[in-house]
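1. Let me see the structure of the following:
(2 chains)
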Number of protein chains: 2
Amino acid sequence: MNLITFLEFCTLTEFLTKRSSALSKSLFNFTLKMSNLKKMYSLNPIGHAETPFSEKFGIPRQASLLDNIDSAIILKAEVHSLDSLDGLSPGDLLWVISYFHLSKSHGSKVKAPRLGGNKKVGVFATRSPSRPNPIGLSLVRIKAIEFEKKKCRILTTGLDLVNRTPILDIKPYLAYSDFGKSQSPQWVQENDFEKPKKIEYAPLFLSKLDGLVKLELEQLLNLLDVVFLEDPRPAYQRESERTYFSSFYRWNIAWKIKENIVYILDITELK
Amino acid sequence: MNLITFLEFCTLTEFLTKRSSALSKSLFNFTLKMSNLKKMYSLNPIGHAETPFSEKFGIPRQASLLDNIDSAIILKAEVHSLDSLDGLSPGDLLWVISYFHLSKSHGSKVKAPRLGGNKKVGVFATRSPSRPNPIGLSLVRIKAIEFEKKKCRILTTGLDLVNRTPILDIKPYLAYSDFGKSQSPQWVQENDFEKPKKIEYAPLFLSKLDGLVKLELEQLLNLLDVVFLEDPRPAYQRESERTYFSSFYRWNIAWKIKENIVYILDITELK
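-> Take a look at the predicted model:
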């Protein structure tokens, strides 16, 4: 019995009982009972992220590198009142708890970029977005809180999420409890990789920058610096010199890395 | 139409259609569709917390104070394999993302204990468990990882959760990204309150300790120190000298605070 048959069935029962709204309420209660049996918890996002990253590929794995890159958290109308943000100011740090909506599957181990991409490590020892519950945790800095009519935007730096990622919660950073008295796990400390040393812009790329206003250009070059000097290639392709394509803001960028130099080859506008 | 009428209705439709399992499947699909419309996300806990706290009252608001108090995270069979924890070791710090299952309601502002209990502050500027999505964030230290047959326990210190709180995710603390370069929000820095200076044990309490073995006694006294020197009274009752009752481990404790001295009055075993 598929959904359509089911809807026909509902019409039949409506005909029989003339009480479709009561039926729908009961369905809802029944559902709640079912989800209790499975002990699942439903969360309704409080808003979403607005970032330059339209895809996972290219987001620096170290959010602290995004200190100069503007992003925003857009709060939903239901929770957007300035009241709920009372006590937060520009400069404060904020924990952003998000839902990795593009994450698909997970195993108990994941390939860690730091381990060369072929060696695996336990999923709970990583921040990989592929995990049993696809929850993200990012530390960002508040730049401004804008409140206009029906819209509330928290302007931030450091948001390492794909554009439009749902946000589940935000909390203040509390120095007295969050200041870890330890290092990262041993496997993280021991495995870092060599990063590209500089960026070169191909003539084709440079010739196409005329259409960009100064502010856009600065913003883009700034982001390319941050992203590409971190080497966004999958670790198991780190030796590859193939050409990749990545989207940032409203542009698609062609690039490659060869002998620790990043070559920015071409730029086209996204449709 | 209440649930029972609905179940009778299901029996009727089962009789009519002889396809109850198909019906239940359709109900489930219908439900999924409904939750998509509301853009809600369902999360299935990976395990639960095992702590000395059977109620919210009495849990120190500064998790770092719980450094000497043992707790545990019990992972579910589905995710418990040692594999998923590979790369984590005793001494490492772990972010624990939990679901405040006892949290009921929320407004856009909450009473902050730090503000004397009557002044309010925006819910997103606090770590209050009463929030739009009742998600918790705790930084704990791994003491040991125990793996026995079908059970996996991560022994920790610093877990500031009610016993049996569902755990949604755990992630490693990463020094390079989590080490905040800031203070707490201004309102947190400016508002601290005077704490009790010492604990006195009433003769009645002391006379009842004979039944406890040395280890249990040490564990309990250790916890009472941590909890009561923080003054767990609601801020708006901070002047009150009334007697309170709090449960820790398998005991119920009667106590009061008078002129900055905590009096531990009585102890009884929980049923």
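
2. Quickly run through the sheet partners of whichever helix or strand A:A254 is part of, with directions.
-> In this assignment (DSSP states H and E), A:A254 forms part of strand A:251-258. Within its sheet, and counting by DSSP bridges, strand A:251-258 is paired with strand A:244-248 (antiparallel), strand A:261-269 (antiparallel).

3. Now that strand: buried residues?
-> Of the residues in strand A:251-258, A:W251, A:I253, A:A254, A:W255, A:K256, A:I257 count as buried by neighbour count, 16 or more other CB atoms under 10 Å in any protein chain shown. Quick note: C-beta positions are derived from backbone N, CA and C, even for glycine.

4. picking up where we left off before, can you add distance to B:G211 and give the strands paired with strand A:251-258 back as TSV?
-> Below are the strands paired with strand A:251-258 laid out as TSV (distance: least, CB to CB, whole Å):
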stretch	distance to B:G211
strand A:244-248	67
strand A:261-269	70
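
5. averaging pLDDT over each of those, which comes out lowest?
-> The weakest mean pLDDT among the strands paired with strand A:251-258 belongs to strand A:244-248, with a mean of 90.

6. Start and end of stretch A:161-171, how far apart?
-> Here the two ends of stretch A:161-171 are set 17 Å apart, with distance taken as CA to CA, to the nearest Å.

7. so how far is that stretch from its chain's centroid?
-> 7 Å (CA atoms, centre = their mean, to the nearest Å).

8. what mean pLDDT would you report for it?
-> The model assigns stretch A:161-171 a mean pLDDT of 95.

9. Check which residues of it are buried.
-> A:L161, A:V162, A:N163, A:T165, A:P166, A:I167, A:L168, A:D169, A:I170, A:K171.

10. still on that earlier bit, make TSV from the strands paired with strand A:251-258 and add mean neighbour count to it.
-> Listed next are the strands paired with strand A:251-258 as TSV, based on neighbours: other CB atoms under 10 Å in any protein chain shown:
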stretch	mean neighbour count
strand A:244-248	18
strand A:261-269	17
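
11. Tell me which of those lies nearest to A:E55.
-> Taking CB to CB, strand A:244-248 is the member of the strands paired with strand A:251-258 nearest to A:E55, at 6.0 Å.

12. for chain A, which strand is longest?
-> strand A:135-148 (DSSP state E).

13. hang on, A:S177 is in a helix, isn't it?
-> Yes. Under DSSP: H, G, I helix; E, B strand; the rest coil, A:S177 sits within a helix.

14. Distance of it relative to A:F53?
-> As judged by CB to CB, to the nearest Å, A:S177 and A:F53 stand 30 Å apart.

15. just the strands in the stretch 151-271 of chain A please.
-> A:151-157, A:166-172, A:198-201, A:244-248, A:251-258, A:261-269 (DSSP state E, counting those that start in this stretch).

16. low-scoring pLDDT stretches of the stretch 1-150 of chain A, where are they?
-> Applying pLDDT under 70 to the stretch 1-150 of chain A flags the ranges A:1-38, A:62-64, A:80, A:113-117.

17. go with 50
-> A:1-5, A:35-37 (pLDDT under 50).

18. quick revisit: alpha carbons of the strand holding A:A254, in CSV - could you do that?
-> Extracted C-alpha coordinates of strand A:251-258, given in CSV (Å, rounded to 0.1, in the frame of the first residue of the first chain):
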residue,chain,number,x,y,z
TRP,A,251,31.7,31.5,-8.6
ASN,A,252,33.1,28.3,-9.8
ILE,A,253,36.9,28.0,-9.6
ALA,A,254,39.2,25.6,-11.5
TRP,A,255,42.4,24.8,-9.7
LYS,A,256,45.2,22.3,-9.2
ILE,A,257,48.1,21.8,-6.9
LYS,A,258,51.5,20.8,-8.2
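
19. Figure out which of the strands of the stretch 151-271 of chain A is closest to B:G91.
-> It's strand A:166-172; of the strands of the stretch 151-271 of chain A, that one is closest to B:G91 (CB to CB) at 25.5 Å.

20. what sits up against the closest one?
-> With contact meaning CB atoms under 8 Å, 6 or more residues apart in numbering or on different chains, strand A:166-172 is reached by A:43, A:45-49, A:73, A:87-88, A:92-99, A:101, A:135, A:154, B:39, B:41, B:124-127, B:131-133, B:135, B:137, B:184-185, B:188.
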